[in-house]
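Chemist: Quick one: sequence and predicted model below, then my questions.
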4 protein chains.
Amino acid sequence: MTAPVEAPGKGTFKAANHARRRAEILDAAAAVFAEVGYMRASTSAIAARLGMRQSNLYYYFSSKDEALAEICIVALDGYIRRMTAILDGEGNFEEKLRLTLRAHLHILTQRPEHYVTFLTCRHDLPDGARREVGKITRAYEALVERLMAEGVANGEVSARCDVKFAASSLFALCHNPAIYRDGVAEDNLDRLADTIADLFLNGVVQR
Amino acid sequence: MTAPVEAPGKGTFKAANHARRRAEILDAAAAVFAEVGYMRASTSAIAARLGMRQSNLYYYFSSKDEALAEICIVALDGYIRRMTAILDGEGNFEEKLRLTLRAHLHILTQRPEHYVTFLTCRHDLPDGARREVGKITRAYEALVERLMAEGVANGEVSARCDVKFAASSLFALCHNPAIYRDGVAEDNLDRLADTIADLFLNGVVQR
Amino acid sequence: MTAPVEAPGKGTFKAANHARRRAEILDAAAAVFAEVGYMRASTSAIAARLGMRQSNLYYYFSSKDEALAEICIVALDGYIRRMTAILDGEGNFEEKLRLTLRAHLHILTQRPEHYVTFLTCRHDLPDGARREVGKITRAYEALVERLMAEGVANGEVSARCDVKFAASSLFALCHNPAIYRDGVAEDNLDRLADTIADLFLNGVVQR
Amino acid sequence: MTAPVEAPGKGTFKAANHARRRAEILDAAAAVFAEVGYMRASTSAIAARLGMRQSNLYYYFSSKDEALAEICIVALDGYIRRMTAILDGEGNFEEKLRLTLRAHLHILTQRPEHYVTFLTCRHDLPDGARREVGKITRAYEALVERLMAEGVANGEVSARCDVKFAASSLFALCHNPAIYRDGVAEDNLDRLADTIADLFLNGVVQR
DNA sequence: TATGAATGAGGGTTCATTCAT
DNA sequence: AATGAATGAACCCTCATTCAT
């Protein structure tokens, strides 16, 4: 969890290079984690993907755990902020739901492996990081539940709807494309989000 | 994949003990696999849960892989048959969908850990077994897709509905309760199934 | 090394059965030892060859080591006595050498696997048995060396001949057919012995 | 069979160290294999001989099998080439035979344990390597058989001589000193080779 | 910054052996 | 006389991690 001992000081030239390389390593790690799972991902497989040697990874990260934690944090980055903005913004339930889905799935256009890693490797985090990540996750879920609750309150959403169940179902519908597609082109994101929204809002029944 | 050489002969009355013990081991293994994942699950943790020594497991199973494969097979057992029966039976789309969900989730009342293990550890199967399990899984998915297609054909389901997307979404909605609950009491199964069916059929919108 | 605890008393009916079964087990063990070597020979492979279960072997033998030791003893049985008889008997060097080879290779017509096991698994004996077997082996070698020495003494064998080297060479020439053939038919034994004798006596040079 | 992934790049000057260490490990392994046999040779015994930890062996070799295969290859190295040169060179049968024996036994002055390991542990090779080694071995044997056949053809060798039997007997005569001596001093090699040649050519009979 | 080398801990698996029945 | 069940020790191998250079 702590930074490697000899990491360059902030603000120097070196620091920029260091940070860039760190990010590259995170990407490689996320790719391997997403493909074979955290436990099967060997540090040398990660290093090989970057053409470097295993031991050099420890110049940038103090442990494999740390890399996983950081990937999960990156994957979660901004979710709370964006979701808060959506909730505080204009629009009825349906509009906010569509915005939510776009925001939620946006990462699939940028860092799909980070998202998959978050979904599938979260449980492999060491206790401390797992609790931390869990806290953020639950806060985010709470915001989505609030969206549902607002929908119920203003009559757009059926009163029979259990907000917790609805929120977790919404997430579940997002996992599928995350895991079974290699990534999402930027121009397809909105269509994907709306497809999910349509199902979630209206179900499959013909009207 | 084959039973250990020194297992008792078939049909003897000792064979029943052997089979019972095997099943107990499978249950213990499924519990550990579901809890910490296949890779983190040590064979001695499985043995400890049964008060036996690790090496004794190999009297019943020839490898950890074999146990996983068997758990996945058990989890899949009967799905094709039951789904075929539903499709060939009476009822409109909605009725068949509700039956499908009950059949699909029924395992949660009996062997929830087997189901979770199947969902989360499938990828850890050795190549041969993974292909075999994949074949069964795809056949089952195809049946559910056929259900969707029939719904579209007779006008109960919206024509805009992509059957593949719909089928995989239905499964996704089932994963949630599987993973986040410890099991489902037999008398709650129908309610759970119907809750999912309601969402899937009509969405959350108030009408 | 000690007999199993509950072995039947000598002279009883049971004792005969017991001894017969013991011999069968020794044969099976010798076959497996000869085929894959002592270390790779599992007790269950031996049992399987007899249609019995591994644990039952321990009713007849107290350990795998004991079976090996006994096989080696059986393989050596009578060598000293027969060699002594040959040395004490009539005939010149060449005649005695041919008798020696026939006596030495005779086991190939009866228990080739015992001989091969002796040759290839001797080193796997536990210390005590190895010394015992080594003692007998050396005594036998000494007799063969005496044969060579007598040949030298009476002028039939070249005076330049090192008796130790000659004796061990004679044995070496016997190992080949032992290891590379499946066994020797009784009527071929004399021919095989004479072929080796011819080479040993006269070499390959044309005269 | 392939070198470990993280071995140093070819041509670097670190690679030389790596190769040297690899060779040291092979020597240690050969010594242990020759002493107690492949199956009884534990990797930690090999490591202990070098003052390193067992796991470090795997930085140089990917498996115990690989080390054995390499030892056998080393033991066979050059045999075909040298034997071909002898056959294609000048000299009558007797001269070529003596050259053959010197070439064959030369390894006893350099790496006796490799030779003994080859002789006694060949059967423990995994299937692929065993076939490969078997192929080389048989090719070499065929060359020695050709030598015998040439001797028969030009009248130096008795027409009654079976070339296959003669060739395998020659090898058998070489096994003895290999196995029962700790090695051969360089200046004794020729004498040893000639002793064997004398026996093989003329037998023990006084003329 | 990066590498080669080394290590300790742990895991899955095999197997001879024991013992109650 | 034979079997099912269990066990402990040993073994090969993997891997994250460390450290000197």
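Modeler: Done, it's in. Numbering: from 1, shown residues only, chains lettered A, B, ... in the order given.
Chemist: neighbours around A:Arg20, how many?
Modeler: 10 (other Cβ atoms under 10 Å in any protein chain shown). Quick note: C-beta positions are derived from backbone N, CA and C, even for glycine.
Chemist: Is there any residue in the strand or helix carrying it that contacts DNA strand E?
Modeler: Here A:Arg20 sits within helix A:13-36, counting by DSSP states H and E. Yes - residues of helix A:13-36 contacting DNA strand E under Cβ under 7 Å from any atom of the strand: A:Lys14, A:Asn17, A:His18, A:Arg21.
Chemist: Please indicate which of the residues you listed are buried?
Modeler: Using 16 or more other Cβ atoms under 10 Å in any protein chain shown as the burial test, these include A:His18 as buried.
Chemist: So A:His106 sits against A:Leu189, correct?
Modeler: Yes - under the criterion of Cβ atoms under 8 Å, A:His106 makes contact with A:Leu189 at 6.6 Å.
Chemist: Give me the common contacts of these two.
Modeler: With Cβ atoms under 8 Å, 6 or more residues apart in numbering or on different chains applied, the contact sets of A:His106 and A:Leu189 do not overlap.
Chemist: May I see the buried residues of stretch A:72-89?
Modeler: Result for stretch A:72-89 [16+ other Cβ under 10 Å]: buried residues A:Cys72, A:Ile73, A:Val74, A:Ala75, A:Leu76, A:Tyr79, A:Arg82, A:Met83, A:Ile86, A:Leu87.
Chemist: near chain B at all, that stretch?
Modeler: No - contact of stretch A:72-89 with chain B (Cβ under 8 Å from any Cβ of the partner chain) is absent, the minimum separation being 16.0 Å.
Chemist: pLDDT of that stretch, averaged?
Modeler: Average pLDDT, stretch A:72-89: 97.
Chemist: Close to DNA strand F: what parts of chain A are there?
Modeler: By Cβ under 7 Å from any atom of the strand, the residues of chain A that approach DNA strand F are A:Arg40, A:Ala41, A:Ser42, A:Thr43, A:Ser44, A:Gln54, A:Ser55, A:Tyr58, A:Ser62, A:Ser63, A:Lys64, A:Asp65.
Chemist: In helices, which of these appear?
Modeler: With helices defined by DSSP state H, the entries of the residues of chain A next to DNA strand F inside them are A:Thr43, A:Ser44, A:Tyr58, A:Lys64, A:Asp65.
Chemist: Filter these down to the buried ones.
Modeler: With neighbours counted by 16+ other Cβ under 10 Å, those contain buried members at A:Thr43, A:Ser44, A:Lys64, A:Asp65.
Chemist: From C:Phe93, how far out is the second one?
Modeler: Using Cβ to Cβ, to the nearest Å, A:Ser44 is found at 69 Å from C:Phe93.
Chemist: Flag every residue of chain A that's near chain D.
Modeler: Counting by Cβ under 8 Å from any Cβ, the residues of chain A near chain D are A:Ser44, A:Ala48, A:Arg53, A:Gln54.
Chemist: okay, those residues in JSON lines with distance to B:Ala28 and pLDDT next?
Modeler: Output for those, formatted as JSON lines (distance: Cβ to Cβ, whole Å; pLDDT from 0 to 100):
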{"residue": "A:Ser44", "distance to B:Ala28": "33", "pLDDT": "97"}
{"residue": "A:Ala48", "distance to B:Ala28": "37", "pLDDT": "97"}
{"residue": "A:Arg53", "distance to B:Ala28": "41", "pLDDT": "97"}
{"residue": "A:Gln54", "distance to B:Ala28": "36", "pLDDT": "97"}
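Chemist: Just put those residues in JSON lines and tack on distance to D:Glu156.
Modeler: Below are those laid out as JSON lines (distance: Cβ to Cβ, whole Å):
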{"residue": "A:Ser44", "distance to D:Glu156": "61"}
{"residue": "A:Ala48", "distance to D:Glu156": "61"}
{"residue": "A:Arg53", "distance to D:Glu156": "61"}
{"residue": "A:Gln54", "distance to D:Glu156": "63"}
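Chemist: Now intersect the residues you listed with the strands, please.
Modeler: Residues of these located in strands (DSSP state E): none.
Chemist: ok, so of those, who is nearest C:His123?
Modeler: Of all the residues of chain A next to chain D, C:His123 sits closest to A:Ser44, with 39.8 Å by Cβ to Cβ.
Chemist: Quickly list the domain ranges of chain A.
Modeler: Split into domains by automatic domain parsing, chain A comes to A:13-68, A:73-202.
Chemist: tell me how far the first one is from the chain's mean position?
Modeler: It stands for domain A:13-68. Offset of domain A:13-68 from its chain centre (Cα atoms, centre = their mean, to the nearest Å): 18 Å.
Chemist: try the last one
Modeler: Between the mean C-alpha point of domain A:73-202 and the mean C-alpha point of its chain there is a distance of 9 Å (Cα atoms, centre = their mean).
Chemist: any chance you could map the helices in chain A?
Modeler: Here chain A has its helices, by DSSP H, at A:13-36, A:43-49, A:57-60, A:64-76, A:79-88, A:93-105, A:107-110, A:112-121, A:127-153, A:163-180, A:189-202.
Chemist: Report the buried residues of the lowest-mean-pLDDT helix or strand in chain A.
Modeler: Sorting the helices and strands of chain A by mean pLDDT, DSSP states H and E puts helix A:163-180 at the bottom, at a mean of 89. By 16+ other Cβ under 10 Å, the buried positions in helix A:163-180 come out as A:163, A:165-178.
Chemist: any residues touching it, and which ones?
Modeler: So helix A:163-180 is contacted by A:100-101, A:104-105, A:108, A:112, A:115-116, A:119-120, A:141, A:144-145, A:147-149, A:152, A:157, A:184, A:192, A:196, A:199-200, B:168-169, B:171-173, B:175-176, B:180, B:195-196, B:199, B:204 (Cβ under 8 Å, 6+ apart).
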